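1. Sharing a sequence plus its predicted fold:
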Amino acid sequence: MLPPAEGIMIMEKLYKILNMDGYPNNGGSGKYNLPTKNEDGTWTPGDWMPEIGGDLVACGNGYHLCREGDLLAWLGPRIFAADYRGECMDDTDKIVVRQVRLLSEYENWNERTARLFACWCVRQTWHLVIDERSKNAVIIAEKFANGEATIDELRAARDAAWAAARDAARDAAWAAARDAAWAAAWAADWAADWAADWAADWAAAKVAAGVADWAAARAADWAADWAATRAAQTEKLISILETGEV
């Protein structure tokens with residue numbers, strides 16, 4: 001159990017991930033009070049959410065917030081800076097609190113940066129991507145994100161990447177290469193059929209990152225390489241949120 005927080009006097013950065021409509025993305029109910037961006041670029045925090053009564057229970061009772069190391073497990077369409085007041089319970093991949101408010105939104109997290117983040121994750125295991133169809137899919141996805149490829153080119157690359165992933169799945173001789181092929185396919189697949197629908201298929205960024213973790217782990221020492229890859233992904237994600245640069 002963490003000690004009770006004193007409102008905004010929280011040193012650790014905390015995050016809340018929501019759907020496009022302001023409702024929880026990973027379970028729960030009720031719309032959050034969203035922050036407002038001012039003309040000068042500053043933010044006015046949203047109102048405090050109602051205080052939760054009863055015992056705090058992870059995934060059962062209380063508001064859930066992410067720490068930096070939790071973000072990859074809970075990625076969603078909108079990411080907000082948050083704080084809490086009152087009691088706080090520490091859980092494995094989140095914290096559970098009695099009352100929360102949203103301070104500002106990380107506007108750098110959008111369709112373009114999430115797609116490029118997915119591709120970046122695959123490129124960290126680029127040496128494991130042995131099929132040119134997989135590599136081309138990542139390259140085309142990057143170009144599409146930057147306005148340099150068409151949706152038809154992305155769809156064609158996506159289809160080829162999934163074919164490469166299926167071929168790799170039939171050849172289990174090197175599991176790391178198989179996982180890298182799946183990660184590349186996910187990176188290219190995201191929104192290939194809904195190019196303008198950010199909310200419909202944002203999750204491929206999370207999936208591509210996770211599968212890239214497995215590829216790296218299979219290629220080396222499981223625990224050490226998985227942890228190192230995950231840490232690098234988290235560092236990159238935080239940088240994107242703060243700067244918008246991928």
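-> Cool, the structure landed. Residues are numbered from 1 along each chain as shown.
2. Next, count neighbours for the nearest residue to residue 21 once chain neighbours are set aside.
-> Once flanking residues are discounted, residue 21 sits nearest to residue 31: 7.2 Å by Cβ to Cβ, 6 or more residues apart in numbering. Backbone N, C-alpha and C define where each C-beta goes, glycine included. Neighbours of residue 31 under the rule other Cβ atoms under 10 Å: 12.
3. Quick check: phi and psi at residue 31.
-> Main-chain dihedrals, residue 31, degrees, to the nearest 10: phi -80, psi 140.
4. Who are the contact partners of it?
-> By Cβ atoms under 8 Å, 6 or more residues apart in numbering, the contact set of residue 31 is 21, 22, 23.
5. With residue 53 as the reference, measure out to it.
-> Between residue 31 and residue 53 the computed distance is 20 Å (Cβ to Cβ, to the nearest Å).
6. So which residue is smack in the middle of this structure?
-> The residue lying closest to the centre of the chain (Cα atoms, centre = their mean) is residue 75, at 3.2 Å.
7. so how far is residue 116 from the residue nearest to residue 21?
-> Residue 31 is 30 Å from residue 116, where distance means Cβ to Cβ.
8. Which pLDDT value belongs to residue 78?
-> Listed pLDDT for residue 78 reads 93.
9. surely it meets residue 107?
-> No. Using Cβ atoms under 8 Å, residue 78 is not in contact with residue 107; the gap is 9.2 Å.
10. Which one of those two is surrounded by more residues?
-> Legend: neighbour count by other Cβ under 10 Å for residue 78 and residue 107, higher for residue 78 (23 against 12).
11. Grab the nearest non-local neighbour of the more buried one.
-> Nearest non-adjacent residue to residue 78 (Cβ to Cβ, 6+ apart): residue 18, at 4.8 Å.
12. List the beta-bridge partners for that neighbour.
-> Per DSSP bridges, the residues bridged to residue 18 are residue 24, residue 78.
13. what's the neighbour count on it?
-> Residue 18: 21 neighbours (other Cβ under 10 Å).
14. and what of residue 149?
-> Neighbour tally, residue 149, other Cβ under 10 Å: 17.
15. close enough to count as contact, it and residue 136?
-> No. Residue 149 is not in contact with residue 136 according to Cβ under 8 Å; the separation is 10.8 Å.
16. quick one, longest helix in this protein?
-> Longest helix in the chain by number of residues (criterion: DSSP state H): helix 222-243.
17. I'd assumed residue 59 was in a helix, is it?
-> No. Counting by DSSP: H, G, I helix; E, B strand; the rest coil, residue 59 is not part of a helix but coil.
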